[in-house]
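J.: heads up, no residue letters with this:
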């Protein structure tokens, strides 16, 4: 079930997208157990961060939907890759990185807004450069992708995975702060840390 905020945004938009997104997430969950829950948490956190930094409401629906669909390209990554435990090989990394391109292809053919496409395609770009798929940096990375990147990594840090223990909130916040300027936009991290500490 979608978070309340997601339902509101979808109902104000295209009902087809709501149904289609729900179906895509169901397929992703079958492919990668736990992926749908991660997607919902990322969507919720990204939307909350957007509120904290006063993003225009017109962009919030795309942020909410982009959070839900940011990993949808993993549907086209082989099960042998997406379910491979550490240590990860160079081949694994190369194949996993293709999920942003696969996801962008799915979104571009499905009638979603350009902002959603940007979220899916660019959420692994790094503020300081060195990310993928295009090696963008700074404000060349769409804002929606920069927001979802913060939410995505945060959820990974505080979630337990089969190959790692979850971090405490303080540990995770310290890690996010350490990544400011490299992986993340510093101003976004500052606002994110403030938001989490005020919750």
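T.: Structure received. Note that the structure is predicted; figures quoted are calculated from it, not measured. Numbers count the residues shown, from 1 in each chain.

J.: ok, residue 172 touching residue 157?
T.: Yes - using Cβ atoms under 8 Å, residue 172 is in contact with residue 157, at 4.1 Å. C-beta coordinates here come from the backbone N, C-alpha and C atoms, glycine included.

J.: which strand or helix spans the nearest residue to residue 88 once chain neighbours are set aside?
T.: Leaving aside its chain neighbours, residue 88 sits nearest to residue 96 (7.9 Å; criterion: Cβ to Cβ, 6 or more residues apart in numbering). Secondary-structure element containing residue 96, defined by DSSP states H and E: helix 90-97.

J.: which strands or helices does the following helix or strand past that helix pack on?
T.: Downstream of helix 90-97, the first helix or strand assigned by DSSP H and E is helix 99-108. Contact here means 3 or more Cβ pairs under 8 Å, 6 or more residues apart in numbering; DSSP states H and E; on that basis helix 99-108 packs against helix 114-122.

J.: what is the mean pLDDT for the helix it packs on?
T.: Taken as a whole, helix 114-122 has a mean pLDDT of 96.

J.: list the buried residues in the helix or strand following it.
T.: Note on helix 114-122: by DSSP H and E, the next helix or strand toward the C-terminus is helix 143-158. For helix 143-158, burial by neighbour count (16 or more other Cβ atoms under 10 Å) applies to 143-155, 157-158.

J.: out of those, which comes closest to residue 81?
T.: Distances from residue 81 to those, taken as Cβ to Cβ, are shortest for residue 152 (18.6 Å).

J.: what about residue 18, how many neighbours?
T.: Residues near residue 18, counting by other Cβ atoms under 10 Å, number 17.

J.: identify the residues contacting the helix or strand where it lies?
T.: Assigned by DSSP H and E, residue 18 belongs to helix 15-31. Here helix 15-31 makes contact (Cβ atoms under 8 Å, 6 or more residues apart in numbering) with 2, 7, 10-11, 35-36, 39, 65, 68-69, 71-72, 74-75, 79, 82, 106, 110-112.

J.: which residue is the nearest non-sequential neighbour of residue 110?
T.: residue 20 is the one closest to residue 110 (Cβ to Cβ, 6+ apart), at 6.5 Å.

J.: oops, could you answer that again for residue 103 instead?
T.: In space, and not counting its chain neighbours, residue 103 is closest to residue 73: 2.8 Å by Cβ to Cβ, 6+ apart.

J.: my read: that neighbour touches residue 99, true?
T.: Yes - counting by Cβ under 8 Å, residue 73 does reach residue 99; the two are 3.7 Å apart.

J.: mind listing what's buried in stretch 161-169?
T.: Under 16+ other Cβ under 10 Å, the buried positions of stretch 161-169 are residue 167.
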